[in-house]
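Student: Next one to model:
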Amino acid sequence: MTAEQSDTTRSWLITQRGKLLLLSLVLGIVCGTGILSTSFNTSVGELLSESDPYVDELEDMEQRFPSGLSATFALTNANSAGSVFNQSLLAALRELESRYQELAGATRLSSILGYRSPQRNFVLFERPSEQYSAAELEQLHELALQDPLLAGTFLSEQANLTFATVFFEMEDRDQAARLQLADQIGTLLTSLRSAHPATDIYVNSDVLFEQSTQDAMIDDLTTLLPIVILICVLTICYCFHSITFGACILSQALLSIICTIGVIGYTAIGFNTISVIAPLVVVIISVAHSVHIISVYKQQLFKGSGYEQAMDLSIRYNLKPVLLATVTTGIGFMSLNLSSSPAIQDFGRIVALGIGFAFVFTFTLLPALLIWVSVKTRAHGKTMDAVLPYRLIRRVIPFWQRHDKPLFVVCTGLAVLTLLLLPLNDTDFDRLDFIETDSEVGKYYDIVSRGLQRGPTLTYGLQATEEGGAIEPEFLRQMETFSAWLVEQPEIDNAGSLVEVVKTIHMARGGQDPDYYTIPDDVFAIANDLGIYQDIEFPDFPLANFIDADYSTIRLVINALPLSNEELIELDARITTQFQQTIDNAELIHGSAIVLFARMDSLVTRELLQGYSLSLLLITLTLVVGFRSLYFGLLSVIPNLLPATMVFGAWGLFVGQLDPFVMMLFSISIGLVVDDTVHLLTHYLHGREQGLSITTSFNHSLDTAGPALIATTAVLALGVTILIGASTLYFQQSAKLLVPIVVLALVLDLIYLPTILQRFDRQKLLQRSG
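Tutor: Numbering: from 1, shown residues only. You can find the predicted model right below:
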């Protein structure tokens with residue numbers, strides 16, 4: 001933008017401020033009506049990386065073996081000790097059995113009360129459970145633990161935990177219906193707990209997970225957003241000793257949020273577990289933009305300038321750096337589109353949209369409000385000495401000049417050291433990071449993990465090349481060999497498939513002779529046996545759980561021991577390789593969501609680092625164009641790279657564990673922290689162009705932009721700190737990393753950037769060589 005164009009723009013923004021204020025308000029009203037259409041998408045599938053081929057395979061398995069909707073209750077004694085075979089706990093089960101149909105669409109209940117063993121051909125409770133004595137229940141305890149299908153499925157290995165599952169009609173439910181069902185389950189759970197205080201009862205279901213996720217999202221949005229706005233505004237009021245200016249910033253921030261959420265509502269993009277925090281980020285960035293306008297405006301008022309003249313100078317100083325900061329920050333967030341996770345993509349798009357609105361209202365709404373309140377109140381102080389950020393800047397200037405060399409050596413050394421520590425970080429995804437730790441789902445997983453002491457359940461589909469091929473004797477024998485290899489693996493507890501069903505039926509036809517526990521040689525005999533089994537099948541073990549309708553795909557279920565994500569991925573790779581070596585002319589379908597989540601660690605991390613590389617390149621190019629200098633565009637990258645590098649390096653040393661989604665911070669951090677460098681270098685280069693020395697130019701840039709940078713950093717740090725109080729571990733971890741990044745960015749810009757310029761300012765080097 002030429003000087004003439006800049007003057008014309010400033011003049012137009014000030015003279016037309018009344019009309020621009022009105023247009024801003026109209027835009028806010030139009031966009032704001034879209035808030036009524038705002039929705040929430042609580043599906044875990046939003047987090048999944050669409051680039052993973054396992055996603056299609058998981059959907060394929062769901063179509064072949066539809067699991068339907070269910071709710072699993074876990075019951076244990078109040079002290080989590082002793083057998084579940086006691087009348088107190090069984091009474092809770094009996095009440096659940098009599099009341100489960102209160103849940104909309106419930107079709108049946110599966111529990112130990114109605115268990116029938118297909119292998120041993122016995123009924124666990126042959127008469128009503130309340131008629132059993134303590135001694136008889138002890139005998140049932142021993143009998144139950146001897147049944148391989150009962151132990152580990154309906155019971156824990158010590159029989160101190162039992163499960164009861166309610167199955168629902170196979171129908172699609174909209175989100176409202178699913179949340180209504182979650183409420184019904186919660187009501188039933190509360191009633192059962194109240195009636196049976198001696199029994200601890202927990203429940204888990206997809207609808208409860210969705211409800212817990214949505215509750216956490218709404219709680220964070222409705223509770224934290226007002227607090228963030230209030231903290232940001234109060235910080236500005238304190239820094240600049242002006243309640244009216246704080247009110248102006250509040251208006252600008254609210255309008256930016258209203259327009260952002262409204263447009264999202266119009267586009268039917270639902271807030272997900274990641275993007276729900278986007279409005280908070282928009283508020284913080286919006287306030288940061290406003291601070292720069294207010295800081296210079298107030299400085300000029302202190303110098304005796306008129307209101308319009310002071311605003312003209314403020315826009316003159318800030319239009320270019322705020323525009324550059326907006327573009328670079330937007331690039332940082334838009335780079336998240338390189339991730340194939342819809343949740344991450346939506347987060348980047350929403351924040352980028354909000355940044356755009358914040359930029360527009362910074363120059364169309366804020367100038368009019370500031371001039372208006374200044375005219376009305378005429379209370380802007382007499383001296384800058386009362387402004388805290390200004391006093392701090394006056395102390396920074398002599399400090400960096402006195403300690404130039406030590407600061408350069410120490411900061412450079414820390415940068416190199418923390419760079420070497422980055423590989424110590426390890427990503428580990430846990431979908432429970434996105435729900436409240438004290439939610440019902442969180443409590444369920446906690447008690448089950450302690451009660452079962454078992455790892456994940458893995459599901460695979462073994463698909464033959466033709467219909468009916470999965471029941472060919474040779475195919476089944478190859479699968480039997482494959483299953484034998486599986487149970488030999490140290491990470492696997494047991495494995496089950498149609499092979500055991502076929503062998504069990506064959507043994508039953510042979511009069512329970514163990515010699516008949518084999519695979520028949522005749523495919524027609526196998527088909528006939530399966531047909532008979534289907535006619536008399538046990539509800540808990542339907543044939544459809546083992547093989548699909550056209551007998552082309554067998555479902556294999558593997559119970560593994562507790563594994564880390566890396567161990568799970570390695571086991572899955574070994575299983576895939578062994579399958580290819582064992583079974584001819586067949587395809588292995590990966591149907592385990594937990595494996596997909598484990599693979600997200602590397603996929604999401606790789607995609608986010610690719611996005612980071614691209615955003616770094618684009619931001620550098622933007623700065624080169626903005627500064628009209630390749631040299632200073634490249635030089636400005638150094639202090640912007642170091643904050644994230646140093647914080648993540650220290651995190652790797654002292655903590656080391658990261659949710660892969662937190663790696664987003666690495667991508668977006670450079671877009672956030674570049675704001676400081678842009679403002680300082682813009683004023684610094686202006687001074688150098690006028691022939692000022694390096695020290696004088698940088699000190700002038702500190703005088704002009706420094707107070708605003710301190711205020712914006714305070715806003716960013718305090719606003720993000722509020723996220724530590726979020727309901728979910730993901731946002732808590734994000735806040736703990738982002739706060740030191742933005743604070744460190746300011747520190748490096750104030751005391752490290754001038755030492756870099758002292759040594760690498762090209763004009764100084766040219767003067768020396770001359």
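Student: For this structure, which segments count as strands?
Tutor: When secondary structure is read from DSSP state E, the chain shows strands at 70-77, 106-110, 116-117, 122-123, 162-168, 199-205, 426-427, 457-464, 492-496, 553-560, 586-590, 657-658.
Student: Adding mean pLDDT and distance to Met507, write those out as JSON lines.
Tutor: (Each C-beta comes from the backbone N, C-alpha and C, glycine too.) Listed next are the strands of the chain as JSON lines, based on pLDDT from 0 to 100; distance: least, CB to CB, whole Å:
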{"stretch": "strand 70-77", "mean pLDDT": "93", "distance to Met507": "31"}
{"stretch": "strand 106-110", "mean pLDDT": "93", "distance to Met507": "25"}
{"stretch": "strand 116-117", "mean pLDDT": "82", "distance to Met507": "14"}
{"stretch": "strand 122-123", "mean pLDDT": "82", "distance to Met507": "15"}
{"stretch": "strand 162-168", "mean pLDDT": "94", "distance to Met507": "28"}
{"stretch": "strand 199-205", "mean pLDDT": "93", "distance to Met507": "35"}
{"stretch": "strand 426-427", "mean pLDDT": "72", "distance to Met507": "48"}
{"stretch": "strand 457-464", "mean pLDDT": "94", "distance to Met507": "23"}
{"stretch": "strand 492-496", "mean pLDDT": "88", "distance to Met507": "16"}
{"stretch": "strand 553-560", "mean pLDDT": "93", "distance to Met507": "19"}
{"stretch": "strand 586-590", "mean pLDDT": "94", "distance to Met507": "26"}
{"stretch": "strand 657-658", "mean pLDDT": "72", "distance to Met507": "49"}
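Student: nearest to Tyr307, of those strands?
Tutor: Of all these, the one in closest proximity to Tyr307, counting by CB to CB, is strand 657-658 (49.3 Å).
Student: Quick one: list the elements packing against the closest one.
Tutor: Based on contacts counted as 3 or more CB pairs under 8 Å, 6 or more residues apart in numbering; DSSP states H and E, the elements that strand 657-658 packs against are strand 426-427.
Student: Save the strands of the chain as JSON lines, and put in mean neighbour count and distance to Thr213 too.
Tutor: As requested, those are arranged in JSON lines below (neighbours: other CB atoms under 10 Å; distance: least, CB to CB, whole Å):
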{"stretch": "strand 70-77", "mean neighbour count": "21", "distance to Thr213": "16"}
{"stretch": "strand 106-110", "mean neighbour count": "18", "distance to Thr213": "23"}
{"stretch": "strand 116-117", "mean neighbour count": "16", "distance to Thr213": "37"}
{"stretch": "strand 122-123", "mean neighbour count": "10", "distance to Thr213": "40"}
{"stretch": "strand 162-168", "mean neighbour count": "21", "distance to Thr213": "20"}
{"stretch": "strand 199-205", "mean neighbour count": "22", "distance to Thr213": "13"}
{"stretch": "strand 426-427", "mean neighbour count": "16", "distance to Thr213": "21"}
{"stretch": "strand 457-464", "mean neighbour count": "21", "distance to Thr213": "22"}
{"stretch": "strand 492-496", "mean neighbour count": "18", "distance to Thr213": "30"}
{"stretch": "strand 553-560", "mean neighbour count": "22", "distance to Thr213": "26"}
{"stretch": "strand 586-590", "mean neighbour count": "20", "distance to Thr213": "25"}
{"stretch": "strand 657-658", "mean neighbour count": "17", "distance to Thr213": "21"}
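Student: Just send those back as JSON lines, with distance to Leu230 too.
Tutor: Conversion of these to JSON lines gives the following (distance: least, CB to CB, whole Å):
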{"stretch": "strand 70-77", "distance to Leu230": "40"}
{"stretch": "strand 106-110", "distance to Leu230": "45"}
{"stretch": "strand 116-117", "distance to Leu230": "61"}
{"stretch": "strand 122-123", "distance to Leu230": "63"}
{"stretch": "strand 162-168", "distance to Leu230": "44"}
{"stretch": "strand 199-205", "distance to Leu230": "37"}
{"stretch": "strand 426-427", "distance to Leu230": "34"}
{"stretch": "strand 457-464", "distance to Leu230": "46"}
{"stretch": "strand 492-496", "distance to Leu230": "53"}
{"stretch": "strand 553-560", "distance to Leu230": "48"}
{"stretch": "strand 586-590", "distance to Leu230": "48"}
{"stretch": "strand 657-658", "distance to Leu230": "30"}
